[in-house]
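Asks: following is a predicted model, sequence given first.
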Amino acid sequence: MAKFEIHIHDEDFKKALRKMEFRGMKNKELKKVLRRAAKPWADNANSKVYNYIERKTGNMGKAIGIGTFESKSRGYVGVKARPKAAPRGPERNGGWRAHFFASPARQISAAKRIPWSTIYSQKTGEVIANVVKGVRILFKKEGLL
């Protein structure tokens with residue numbers, strides 16, 4: 001899949017994150033804000049998948065979800081739109097199949113490759129605005145700004 005990263009190098013932001021960590025606050029609230037902010041990426045990808053592939057390839061209409069990650073050694077928290085894991089039980093989704101179109105695997109012909117970078121770039125501005133707004137609200141609520 002296309003890799004889009006938003007790096008924030010603002011010193012005030014980093015100070016607020018350090019204060020949050022120093023106070024013993026978990027990054028759970030920050031991850032919630034990031035998940036909400038990145039939702040337009042997943043929604044846009046899910047709504048456009050069938051423009052490129054046939055509907056018989058599984059439940060690809062809900063294949064892309066939101067996942068968070070954290071690296072304490074590198075000092076970052078993040079979120080990404082990615083293929084969903086196959087759930088247990090009778091429900092099925094196309095996330096297991098979406099990764100073939102995401103890589104794309106060499107077996108996928110050029111005509112069936114999904115232009116992930118184009119799909120995500122359409123919503124990148126909205127995602128950035130959501131991150132800024134959500135993080136500002138979170139920090140004000142916690143008294144960090």
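Replies: Okay, I see it.

Asks: if I look at Met20, how far off is Val33?
Replies: Met20 sits 12 Å away from Val33, going by Cβ to Cβ, to the nearest Å. No exception for glycine: its C-beta is placed from N, CA and C like everyone else's.

Asks: the more surrounded of those two?
Replies: Using other Cβ atoms under 10 Å as the criterion, Met20 and Val33 rank with Val33 on top: 21 against 18.

Asks: how about the more buried one: what's its closest non-neighbour residue?
Replies: Leaving aside its sequence neighbours, Val33 sits nearest to Gly134 (Cβ to Cβ, 6 or more residues apart in numbering; 3.8 Å).

Asks: that neighbour and Lys31 touch, don't they?
Replies: No - between Gly134 and Lys31 there is no contact under Cβ atoms under 8 Å: 11.0 Å.

Asks: distance-wise, check Val77 relative to Glu54.
Replies: 38 Å.

Asks: so for these two, which residue has more residues nearby?
Replies: The neighbour comparison of Val77 against Glu54 (other Cβ under 10 Å) goes to Val77, with 15 against 8.

Asks: give me phi/psi at the more buried one?
Replies: In terms of degrees, to the nearest 10, the main-chain angles of Val77 are phi -130, psi 140.
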